[in-house]
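> What shape does this take:
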Amino acid sequence: MRKATVMHHEQIDRTFVDYFEERGHRLVPGSSLIPPPGDPVLFTTSGMHPLTPYLLGRPHPMGRRLVNVQRCLRTTDLDEVGDRTHLTLFRMLGSWSLGDYDVSQSLRWGYEFLRDGLGIGHDRMHVTVFGGDDQVGLDETSLRTWEGLGVPVELTVQENWWDNGLTGPCGPDSEIFIWTGDGPPRGTPGTDERWMEVWNHVQMRYHRHEDGSLTSLRHPSVDTGMGLERLEMVLGGHRSVYQGSGLMPWVESVQRLWELSERDQRVVCDHLRTGVGVVEDGVRPSNTGRGYVLRRLIRRVLTILWRRDPTHTLSDLPSEIVPVGDVRTVFTDEERRFRELLRRGRHVVTTRRSRGPFTEEDYRDLHETHGLPRDLIDEILGEVIPGHVHA
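Alright, predicted model coming up:
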């Protein structure tokens, strides 16, 4: 198999942007993690998020071909964080055709960028294509394009349909996977997890209405997104995204400070890194909205650390990763509040437990009345009842 070109994240950024600028795309500056006022979403979740009005047909001031590198934050996969590939905060490489070229051109450029721009061998690629359902037929354009390029195709249905909720813009997509296993590629993306998805090409062709019906958009567009950290993992031959240049400083700092399992170490690195990002964008801990997400991230870190040793403190983190100033102040203030909550919580939880086994109503009441999250309650119960695990 052809070996990919090893690059750190800044080189990948530059190579990606240069490639699409050479093909007539204009660079759109990355936006904040905080969406503009009136946007109901808590955080910017994808590169296309700030571009939604233009994907629906509004002319973009920079033209119809765009490229971007956007910081994104997703909490939907929070429980998956700690594995090899999931992150709460990540960077998305994106390209867009706003009613300009079609998906066939997008796929050919995507293939050529991976093969020629990054040195990923043709034999390490596999793709998936929308196979059709009772509303929309087989994505023949994507299928013919990949067959023409000689890349193996797997047809799926739900896995290759993109939408942004129950209503709004949507359409079929085609995903590019890279083989990350040892030895020759085997199976398909649907049968072997060593095929890693790196790039999704979405055809924004429809609008879904509240009754589930679809109408065609007046100006179909193509939206692509590729996770930078996953791509760096593939290029470097790493076993996880935490070995990439953007995450290694976090891993090395946490390893020097605290002895943790590999999964706990990853969660701590991810949550602290995400916390720094959202604090720098103006978020402060609170009991609602974005502030609650930040509070939850910090407290999950502390719960992991104090499970090992209650003397661990975030103030030990070096300034290279948690800067002195607002970020460090927010972290240490939240740690102080959480220590006090934990002190009071032990008494409240043990008193409630003395009445009998915990119920869902107990969890709900302790959270609403005392601000105690479920994972903290379970930690305290684990101290009271060794081996306790809540089903």
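> which residues of this structure fall in strands?
Secondary structure of the chain by DSSP state E: the strands cover 26-27, 65-73, 89-97, 125-130, 153-156, 161-163, 168-179, 195-208, 214-227.
> gap between the helix or strand of the chain with the lowest mean pLDDT and the chain center?
Among the secondary structure pieces of the chain, namely its helices and strands, helix 374-384 has the lowest mean (mean pLDDT, DSSP states H and E), a mean of 72. Mean C-alpha position of helix 374-384 versus that of the full chain (Cα atoms, centre = their mean, to the nearest Å) differs by 28 Å.
> can you put the strands of the chain in TSV and add mean neighbour count and distance to residue 6?
All C-beta spots, glycine's among them, are computed from the backbone N, C-alpha and C. Conversion of those to TSV gives the following (neighbours: other Cβ atoms under 10 Å; distance: least, Cβ to Cβ, whole Å):
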stretch	mean neighbour count	distance to residue 6
strand 26-27	15	25
strand 65-73	21	19
strand 89-97	24	17
strand 125-130	24	18
strand 153-156	17	28
strand 161-163	17	31
strand 168-179	23	14
strand 195-208	22	15
strand 214-227	19	17
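> Of all the ones you listed, which one is nearest residue 83?
Nearest to residue 83 among the strands of the chain is strand 195-208 (12.0 Å), distances taken as Cβ to Cβ.
> What average pLDDT does that closest one get?
For strand 195-208, the per-residue pLDDT values average out at 95.
> Between strand 214-227 and it, find me the angle.
Strand 195-208 runs at 150 degrees relative to strand 214-227, counting by axes from the mean of the first three to the mean of the last three Cα atoms, to 10 degrees.
> what's strand 195-208 packed up against?
The contact analysis (3 or more Cβ pairs under 8 Å, 6 or more residues apart in numbering; DSSP states H and E) places strand 195-208 against helix 103-112, strand 161-163, strand 168-179, strand 214-227, helix 228-236.
> What strands flank that strand, and is each parallel or antiparallel?
Each strand paired with strand 195-208, and its direction, by DSSP bridges: strand 168-179 (antiparallel), strand 214-227 (antiparallel).
> Relative to residue 32, which of those is closest?
Residue 32 lies closest, by Cβ to Cβ, to one member of the strands paired with strand 195-208: strand 214-227, at 18.0 Å.
> next one: that closest one to chain centre, how far?
Using Cα atoms, centre = their mean, the distance from the centre of strand 214-227 to the centre of the chain it belongs to is 20 Å.
> just stretch 130-143 next, same as before
Put simply, stretch 130-143 sits 27 Å off its chain's centre (Cα atoms, centre = their mean).
> Over to stretch 319-329?
24 Å.
> Tell me the buried residues in it?
Across stretch 319-329, burial judged by 16 or more other Cβ atoms under 10 Å covers 321, 322, 327, 328.
> Pull up the distance across it, start to finish.
Start to finish, the residues bounding stretch 319-329 are 12 Å apart (Cα to Cα, to the nearest Å).
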